[in-house]
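>>> Pasting a predicted model and its sequence here:
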Amino acid sequence: MTSNLSVAGRTAIVTGASSGIGRAIAETLGSAGAHVFLAGRTASAMEASKKKIEQAGGQADCVTLDVRNPAEVRALVESAVSASGRLDIMVNNAGVSFPAPILEGEPEEWRTMLETNILALLVGCQAAVQAMRACSAEGHIVNISSIAAQRRDSGVYGSTKHAVNAISATLRGELEDDTIRVVNVMPGAIATNFARNFDPAFVDAIVKMTGLDVDVVKGDRLPDEVFEKLTGSLRQTLGDPVDVANAVLYAVTQPIDVNLADIVVRPPKQMNL
Ligand SMILES: NC(=O)c1ccc[n+]([C@@H]2O[C@H](COP(=O)([O-])OP(=O)(O)OC[C@H]3O[C@@H](n4cnc5c(N)ncnc54)[C@H](OP(=O)(O)O)[C@@H]3O)[C@@H](O)[C@H]2O)c1
C-alpha cells in the first residue's frame, strides 16, 4: 500500500493564476505548503495571492507571461526548477472563451482559443514532464478542461476542451510507467472572469443581481467583490473557484499509484458552457 502525498515541500506551477480558478488553485496549494509559481498576465492580482500564501506560512513567486508563446512557457518551467530545484505539480489552467457561433466567429478569436487552451497546455505538459523526470518527482499534471467537453455541440471553445480531454488521456497512457499522474478536471459554471468576452448585456444582467454598481466592459476583468457576492447569492448555479481548487488538492495528494483521471466539479444546477 502506498501512502498519501503531502504538498508540503513540493513545487507547483499554476498558469492563469491571476484570476478565478487558477488563483484559487494557487492559493490553496500554497496555503497547504507547496512552493507555488503563479503565472499569468495581471501582476497585481498575483502579488496579492503571493501575500496571502506567505501569510499562511507558504512560499510563492510570480511570473508574468503570455502562455501563447511556447518559449515563455518553457522559461517558466525552467525558472521554477532553477529557483526551487524541482517540479512536482503542473496546473495547465490558463484559458479563454469567445462564444460567438461558428458562422459569426473571427479567426483571430479562434486562434487565441487554440493557442491558449491547447497549444500552451501541450507545451506546459511536455516541459513539465521533462522537469519532473529530471528530479525523479512523484508528479501530477493537472489539465483544466470543461463540462463543455461532455457535449458535442459546444462550439469552438468546446472543441478546444475536447482536445484537452484527448491530450490528457493520451499523455496518461504515455506516462503509465512513470511516477507522474495526469488529472483532467472538467469544471461546470464557476464565478470567475471567464465570461469577459461574452455579450456584455448578458454579463451586466448577472452583475446587476449583486446590487453593485459596476460597468461591464467587454474583455475587461470585473472587481473581486462581484464574485464574492455571486458565489453567495447564485450558489446553486455558479460554483466557487475554491470548489475546483479543493478537488485539485485532493487529486494531487493521493498516493502516486492512484490516478484520479477525470473529475467533474459543478454546482447543483448546470448551465451549458
Ligand atoms: N469559469 C467557468 O465557468 C469555467 C468552466 C469550465 C472550465 N473553465 C476553465 O477554467 C480555466 C480558468 O478560467 P477561469 O474561469 O478562472 O477564467 P478567468 O477568471 O478569466 O481566468 C483565466 C486566467 O487565464 C489567464 N490567461 C488568459 N490568457 C492568457 C495568456 N495568453 N497568457 C497568460 N495567462 C492567460 C488570465 O489572465 P488575466 O486575468 O491576468 O488576463 C487568467 O488568470 C480555463 O481553462 C477555462 O476554460 C472555466
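That came in fine, so what should we check first? These figures come from a predicted structure and were not determined experimentally.
>>> Confirm that Ile13 sits in a helix.
No: assessed with DSSP: H, G, I helix; E, B strand; the rest coil, Ile13 is strand; it does not lie in a helix.
>>> That one: what's it in contact with?
With CB atoms under 8 Å, 6 or more residues apart in numbering as the criterion, the residues that contact Ile13 are 36-37, 39, 76-77, 80, 87, 89-91, 124, 128. Where you see a C-beta, it was placed from the backbone N, CA and C, and this is true even at glycine.
>>> Neighbour-wise, which one of those residues leads?
For these, the largest neighbour count, defined by other CB atoms under 10 Å, is 34 neighbours, found at Val36.
>>> That residue sits in which helix or strand?
strand 35-40 (DSSP states H and E).
>>> what do you get for Trp110?
helix 107-113.
>>> Against which helices or strands is that helix packed?
helix 155-174 (3 or more CB pairs under 8 Å, 6 or more residues apart in numbering; DSSP states H and E).
>>> quick one on the thing from earlier: so which of the contacts of Ile13 belong to strands?
36-37, 39, 89-91 (DSSP state E).
>>> any chance of these in a markdown table, plus distance to Lys51?
Output for the ones in strands among the contacts of Ile13, formatted as a markdown table (distance: CB to CB, whole Å):
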| residue | distance to Lys51 |
| --- | --- |
| Val36 | 13 |
| Phe37 | 15 |
| Ala39 | 17 |
| Ile89 | 21 |
| Met90 | 23 |
| Val91 | 20 |
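>>> Where does Ala83 sit: helix, strand or coil?
On the basis of three-state DSSP, Ala83 is classed as helix.
>>> can you check Gly30 too?
Quick answer, by three-state DSSP: Gly30 is helix.
>>> ditto for Phe98
Applying three-state DSSP: Phe98 is coil.
>>> for Val183, same thing?
Val183 ends up strand, using three-state DSSP.
>>> need the contact list for it.
140-143, 168, 248, 251-252, 259-261, 263.
>>> What distance do you get for it to the ligand?
The gap separating Val183 from the ligand is 14 Å, by CB to the nearest ligand atom, to the nearest Å.
>>> ditto for Ala137
24 Å.
>>> What about contact with the ligand: does the helix or strand that Phe202 is a member of have any residue there?
Using DSSP H and E, Phe202 falls within helix 200-208. No: Helix 200-208 is not in contact with the ligand by CB under 6 Å from any ligand atom; minimum separation 11.9 Å.
>>> For that helix, output the C-alpha coordinates as CSV.
These are the backbone C-alpha positions of helix 200-208, laid out as CSV (Å, rounded to 0.1, in the frame of the first residue of the first chain):
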residue,chain,number,x,y,z
PRO,A,200,-21.8,42.5,-22.1
ALA,A,201,-25.7,42.7,-21.8
PHE,A,202,-25.7,39.1,-20.5
VAL,A,203,-22.9,39.7,-18.1
ASP,A,204,-24.4,43.0,-17.0
ALA,A,205,-27.7,41.3,-16.1
ILE,A,206,-25.8,38.8,-13.8
VAL,A,207,-23.7,41.6,-12.3
LYS,A,208,-26.9,43.6,-11.6
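>>> following that helix, which helix or strand shows up next?
helix 224-233.
>>> list the helices and strands the helix or strand that comes right after that following helix packs on?
Scanning forward in sequence from helix 224-233 by DSSP H and E, the next helix or strand is helix 241-252. In terms of contacts (3+ CB pairs under 8 Å, 6+ apart), helix 241-252 is packed against helix 20-31, strand 139-144, strand 180-187, strand 262-265.
>>> need those in CSV with mean pLDDT, can you?
Listed next are the helices and strands packed on helix 241-252 as CSV, based on pLDDT from 0 to 100:
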stretch, mean pLDDT
helix 20-31, 98
strand 139-144, 98
strand 180-187, 98
strand 262-265, 98
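>>> Among these, which comes closest to Val164?
strand 139-144 (5.4 Å; CB to CB).
>>> before we move on, back to that, could you single out the nearest of the contacts of Ile13 to Met186?
Out of these, the member with the shortest distance to Met186 (by CB to CB) is Val91, at 14.3 Å.
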